[in-house]
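**Student:** Based on what follows, work out the 3D shape:
(chains A, B, C, D and E)
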Amino acid sequence: MKHKRLCEEGFGEKGNYTIILPIDQGVEHGPVDAFYATDHPEMLDIDYQVDYIAELLHEGLVGATALPKRTANLLCKKYPHLAQDVILKLNHGNNLNKKLEPSQAIYASSRHASNMGGVGFTIYPGSSKQDEMIDYFGKIQEHKPDNVKSILWSYPRGGDFYKTTLKTIMHAAYMAAQLEPDVIKVKMPTNNDDVTNIVKAACGIPVVFSGGRFSGTQHMVLYAERIAKAGGYGMIVGRNVFQREPDKAKNLLRDIHNIFRET
Amino acid sequence: MKHKRLCEEGFGEKGNYTIILPIDQGVEHGPVDAFYATDHPEMLDIDYQVDYIAELLHEGLVGATALPKRTANLLCKKYPHLAQDVILKLNHGNNLNKKLEPSQAIYASSRHASNMGGVGFTIYPGSSKQDEMIDYFGKIQEHKPDNVKSILWSYPRGGDFYKTTLKTIMHAAYMAAQLEPDVIKVKMPTNNDDVTNIVKAACGIPVVFSGGRFSGTQHMVLYAERIAKAGGYGMIVGRNVFQREPDKAKNLLRDIHNIFRET
Amino acid sequence: MKHKRLCEEGFGEKGNYTIILPIDQGVEHGPVDAFYATDHPEMLDIDYQVDYIAELLHEGLVGATALPKRTANLLCKKYPHLAQDVILKLNHGNNLNKKLEPSQAIYASSRHASNMGGVGFTIYPGSSKQDEMIDYFGKIQEHKPDNVKSILWSYPRGGDFYKTTLKTIMHAAYMAAQLEPDVIKVKMPTNNDDVTNIVKAACGIPVVFSGGRFSGTQHMVLYAERIAKAGGYGMIVGRNVFQREPDKAKNLLRDIHNIFRET
Amino acid sequence: MKHKRLCEEGFGEKGNYTIILPIDQGVEHGPVDAFYATDHPEMLDIDYQVDYIAELLHEGLVGATALPKRTANLLCKKYPHLAQDVILKLNHGNNLNKKLEPSQAIYASSRHASNMGGVGFTIYPGSSKQDEMIDYFGKIQEHKPDNVKSILWSYPRGGDFYKTTLKTIMHAAYMAAQLEPDVIKVKMPTNNDDVTNIVKAACGIPVVFSGGRFSGTQHMVLYAERIAKAGGYGMIVGRNVFQREPDKAKNLLRDIHNIFRET
Amino acid sequence: MKHKRLCEEGFGEKGNYTIILPIDQGVEHGPVDAFYATDHPEMLDIDYQVDYIAELLHEGLVGATALPKRTANLLCKKYPHLAQDVILKLNHGNNLNKKLEPSQAIYASSRHASNMGGVGFTIYPGSSKQDEMIDYFGKIQEHKPDNVKSILWSYPRGGDFYKTTLKTIMHAAYMAAQLEPDVIKVKMPTNNDDVTNIVKAACGIPVVFSGGRFSGTQHMVLYAERIAKAGGYGMIVGRNVFQREPDKAKNLLRDIHNIFRET
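**Tutor:** As a prediction, the model looks like this:
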């Protein structure tokens, strides 16, 4: 398969794949857990962070980056030629108060992404907020500029159902697909399941899988193999990249690229 | 009676009937329970699914199909001449979290159906969301293009009243009728009741009855007889069609047509 | 007093009165309890029902009829010259789930009544929904065409206060009056109270009293006498008319007219 | 001090004062407790009531009157030259169901007051509805005609804090002041406190104090003295006026005027 | 570092700092606790208060002042040349009812600040109202005039998490930063932590720290040193200024200026 950036021709087509770098854990888990208390604490410095993201994009190690508003704007200002690689993440949750219903607040609108490559949005199928999140995404689809792609995070949340079974993720992928984003992002099932059916459940819309928590290279490589073999369109690798020391992160990305390229 | 497609002249008039194929269980029950874990697992593949729906329409075995947005758009893209047979289902529930209040999220707006034959919408009489669902349907009626028909699913939900008695279904049908959709869809009562009064409760608006869960051919044939005899306008048969092997499904549809034709 | 139709000159003035036929119990109690399981089951048939309403209007036995949207539209279509006698009831509750907060859903907007004589709306003083119901009625008053009259049902609901004392009904009538509808509808107090003060509480706006549940002719006649004597503007008689056999219903209406005429 | 009507030049300025007659207890407590079961039951008759209000205005005993919509409109229709003395009260609570959260429904909009002297609105600092009430008042201020004055009732409600201490009333007055109405209305503290600091807490906006429940003349005169001495701008006296026999009410008003005049 | 007023060129740039005087505790804690029961009770008098704020601005002891609407308007009216130093605080909470969810009501809109220097707004990360507060700030940013700066108070509230740890404040600062206000205001951590990382968490947006409750001069000086050393942009000192006797307050401000100037 060939690596394609988000806004490159052929993106989303069979035979291609992409690796996306999301840096939204700063809002969700806070900058200490996301950046400072990791193997790569320099990321707490936003100037360093922006340069580092640009470096990974320049080296072709990732094909897009999903960022909250401030980070996205700083990157686009300093590296205007990379704006088309930026996915502006419009909503974010946070883990400050675990007693709250799972939800995400709106931090930006699709208008703010008019010069960027895409917008990202999360829905929580199964949560008490699912109806309004689904409804809101419909409005984003309607109002965003045509040339801005939409990437839909679909994470089952709420209730006590088991959230990361193959079956539940397929359900979330199918719901997301019926909303017709340009790309669907789902989690990997916790069991060692074949994810082919998740790809099928997405009804022809490219699916990228999240890399999940920081884990060993070996684990990530196995993930990539399962995804590539199953027809997944690629990976969204965040913490496994930006919480690693740069050399190790780049090596991991190269390993993942190799797996997709050879599939 | 004569079979009429949704947008054919004479649709909805006495002496005619229709069979509608809904495929919205993928959103509601998930693609595993709806498609993969059935006698017809190929349906998980959206390309196969779209071709199969087209085949049933081409062969005149169904007169319309009610679909979620992505499926509807794929069908209309590949088979543009069938667009007038498509009912875009605008809202969907899901069974991911059974502790949530019965509700349905908005997946599409009537604008997305401007080139299709109709829009479908569900209300849950008796649920705590009934007021806003009823209100929303009023807005759909007001804003949809005139040539797009509206089909209203009216399912009593919520509370501990017995939801599928003849009396409750009549109540739901009457409420739906006062909202003046083009077609009303209700469930069959669980007892073996004569459904003539459900048809009467619909105040002259054509009523189609749902086929319900996957069941034996014999059962479905008896259903069809009860409906035809009572003046029902036809059936919405989903799981009993798409969860059967194609040959058996087509035979079942032919049996149902025979019953309505001979009435 | 002289009987005046809703849209006749002199309607609402002293020395006149009116009898209104509401048929909204089909939505509220369902078509079985409202029509089918009564002494007049033919009413379940909407064609019969529409003809029967027209007959009572033609014979001058009622001066207006309050109907849900479908029934209203069918009547206006078949008997266009009676459209000015129709009050389109805009909101309705239902008794499907008795655990829900007392509320009413919007089934129609005042725009749908542009060619009719009036719109009807219900508020529930004392319920947790009272604020939004009152607010909504304000919007109806603002947006309805000037020649369309407004009739406001004001029924204390919710909490454990005794809902049909003279004092509570006076409170509901006064609240309704301050919203300035063209006509106020209230219930009769359950005690045998003089209702003169309810009429006073309405601040000069004509008050019509509901006939309540199906009851004996004698009872209805006593009701009518209490109302006429107290300066009430008339009665809204629904179930006591349409749940009776036609001959008996007409006789009852004639008795009521006689009482008002002779007052 | 000199008595000034609401719309007279010099209203609100130091050295002047005003007495306002509010008749909104009909909505809040019902017409029985407000009018009928008092020493002045004739007030239940709206024609009598309107004439009586006009009489008090004509005799200069009150400088404005705060009324619900129907009463206000009847007064303005019969006595158009008094319209500039009318404050249209826009929202009202009621005591029908004491289990409801303290709240007030919107009965009228500032547009309805375009030919009157002012609009009145209530906020409940400390209640769970305070945010939306405060927000709503902001919208009134923005949309009302410039020549229509705004009078803001600010009553601490909700929770179990002691609602009529000097400190709590000062807090409510300060919150009201920051919303910049033309006049603030607060309650008297239940203790015999000096109310100078309430006047100060209003940040230069004229404060009128409510007369409270029906009480003896002696009590009212002491109230007036405390208010006048403290720099209060006047009183809003409702029940103590309209629930008294006319002669006694007028004498009470004269006593109050004397106190303010002599201060 | 050099002191810069809010609207002076160079404000927000490295090498500069600012001291802001907020007087919003009158709304939050009431005028008794905020003004009257302090060492500086004259502040209860709004005329005195406005003159005193102007004096501190004239003497260059503070570079901006954050005020509720009435206070802001009085200051701008009496001292129009100081309008560009005023930050209109748009929302306020209050402590009247401690059982309510932490929230803030809207007292003013950014339109009211069109001739002032800035608008202030508070979000409560971690509270059940956080989503709508964040959403509302997005709308402020969109609609405010370009030349009006935005200052975002970001205070973790709600739940039982420890609200003033370094880590939690960093999280709140990071969330605020992603909303891109012109200035972020956070609290000081209760431990004696180095606040450098809070400044970093703000992603390049100037951070000012609140002075907190009334405390000894020594304590405030230590605060200022920690902030200045860590790259903080300055302090928002309210109660420690306006609850002190003027001479002592001015001395404290001079001490704080000295610390920042010498850093």
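
**Student:** Taking the stretch 101-250 of chain A, what residue is nearest to chain C?
**Tutor:** Relative to chain C, the nearest point of the stretch 101-250 of chain A is residue A:131 (17.4 Å; CB to the nearest CB). No exception for glycine: its C-beta is placed from N, CA and C like everyone else's.

**Student:** Give me the next element, helix or strand, following the host helix or strand of that residue.
**Tutor:** Per DSSP states H and E, residue A:131 falls inside helix A:130-143. Following helix A:130-143 in sequence order, the next helix or strand is strand A:149-154 (DSSP H and E).

**Student:** any idea how far that next one is from the chain center?
**Tutor:** Mean-position distance between strand A:149-154 and its chain equals 8 Å (CA atoms, centre = their mean, to the nearest Å).

**Student:** Now look at it and say if it contacts chain B.
**Tutor:** No - if you take CB under 8 Å from any CB of the partner chain as the test, strand A:149-154 misses chain B, and the best it gets is 11.2 Å.

**Student:** Could you find the closest non-adjacent residue to the residue most central in space within chain A?
**Tutor:** Centroid-nearest residue in chain A, with CA atoms, centre = their mean: residue A:236, separated by 4.3 Å. Excluding the flanking residues, the one nearest residue A:236 by CB to CB, 6 or more residues apart in numbering or on different chains is residue A:20, at 4.5 Å.

**Student:** What of residue A:127?
**Tutor:** Excluding the flanking residues, the one nearest residue A:127 by CB to CB, 6+ apart is residue A:158, at 3.4 Å.

**Student:** and if you look at residue A:251?
**Tutor:** Closest residue to residue A:251 apart from its sequence neighbours, by CB to CB, 6+ apart: residue A:217 at 7.5 Å.

**Student:** Surely that neighbour is in contact with residue A:256?
**Tutor:** No - assessed by CB atoms under 8 Å, residue A:217 is found out of contact with residue A:256, at 9.5 Å.

**Student:** neighbour-wise, which of the two wins?
**Tutor:** Using other CB atoms under 10 Å in any protein chain shown, the more surrounded residue of residue A:217 and residue A:256 is residue A:256, with 28 against 14.

**Student:** coming back round to it: give the pairing partners of the helix or strand hosting the residue nearest to residue A:236; include direction for each.
**Tutor:** Assigned by DSSP H and E, residue A:20 belongs to strand A:16-22. Sheet pairing of strand A:16-22 (DSSP bridges) gives strand A:2-3 (parallel), strand A:64-67 (parallel), strand A:234-236 (parallel).

**Student:** How about residues contacting the second one?
**Tutor:** Residues from elsewhere that reach strand A:64-67 (CB atoms under 8 Å, 6 or more residues apart in numbering or on different chains): A:5-7, A:18, A:20-24, A:53, A:56-57, A:75, A:85-89, A:117-118, A:120, A:151, A:236.

**Student:** Can you name the residue of the stretch 101-250 of chain A nearest chain E?
**Tutor:** Per CB to the nearest CB, residue A:105 is where the stretch 101-250 of chain A lies closest to chain E, at 4.0 Å.

**Student:** Now do the helix or strand harbouring residue A:76 against helix E:130-143, angle only.
**Tutor:** In the assignment (DSSP H and E), residue A:76 maps to helix A:69-78. For helix A:69-78 and helix E:130-143, the angle between their directions (axes from the mean of the first three to the mean of the last three CA atoms, to 10 degrees) works out to 40 degrees.

**Student:** Any buried residues in the next helix or strand after helix A:69-78, and which?
**Tutor:** Sequence-wise, the next helix or strand downstream of helix A:69-78 (DSSP H and E) is strand A:86-89. Within strand A:86-89, the residues scored as buried using 16 or more other CB atoms under 10 Å in any protein chain shown are A:86, A:87, A:88, A:89.

**Student:** From residue A:253, how far out is the last one?
**Tutor:** The reference is to residue A:89. 20 Å (CB to CB, to the nearest Å).

**Student:** likewise the first one?
**Tutor:** Using CB to CB, one gets 18 Å for the distance from residue A:86 to residue A:253.

**Student:** and if you look at residue A:113?
**Tutor:** Separation of residue A:113 from residue A:253 (CB to CB) stands at 25 Å.

**Student:** any idea how far the spatially closest residue to residue A:25 that is not a sequence neighbour is from residue E:184?
**Tutor:** Closest residue in space to residue A:25, ignoring its immediate chain neighbours: residue A:34 at 3.9 Å, by CB to CB, 6+ apart. To residue E:184, residue A:34 is 18 Å away according to CB to CB.

**Student:** re earlier: thought residue E:127 was touching the residue of the stretch 101-250 of chain A closest to chain E, still the case?
**Tutor:** No - counting by CB under 8 Å, residue A:105 does not reach residue E:127; the two are 11.1 Å apart.

**Student:** Let me know whether residue A:101 touches residue A:126 as I believe.
**Tutor:** No - using CB under 8 Å, residue A:101 is not in contact with residue A:126; the gap is 11.5 Å.

**Student:** more crowded one of these two?
**Tutor:** Neighbours per residue, other CB under 10 Å: of residue A:101 and residue A:126, the larger number sits with residue A:126, 26 against 12.

**Student:** Give me the pLDDT for the more buried one.
**Tutor:** Note for residue A:126: predicted pLDDT of 94.

**Student:** With residue A:186 instead?
**Tutor:** 97.

**Student:** Please apply the same query to residue A:55.
**Tutor:** Here the pLDDT value assigned to residue A:55 is 98.

**Student:** Could I get the buried residue list for the host helix or strand of it?
**Tutor:** Using DSSP H and E, the element containing residue A:55 is helix A:46-58. Using 16+ other CB under 10 Å as the test for burial, helix A:46-58 gives A:46, A:49, A:50, A:52, A:53, A:54, A:56, A:57.

**Student:** Put together a markdown table for these, with distance to residue A:221 on each row.
**Tutor:** Formatted as a markdown table, those follow (distance: CB to CB, whole Å):
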| residue | distance to residue A:221 |
| --- | --- |
| A:46 | 31 |
| A:49 | 26 |
| A:50 | 28 |
| A:52 | 22 |
| A:53 | 23 |
| A:54 | 26 |
| A:56 | 18 |
| A:57 | 22 |
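
**Student:** from these, which is closest to residue B:61?
**Tutor:** Within those, the smallest distance to residue B:61 is 52.5 Å, found for residue A:57 (CB to CB).
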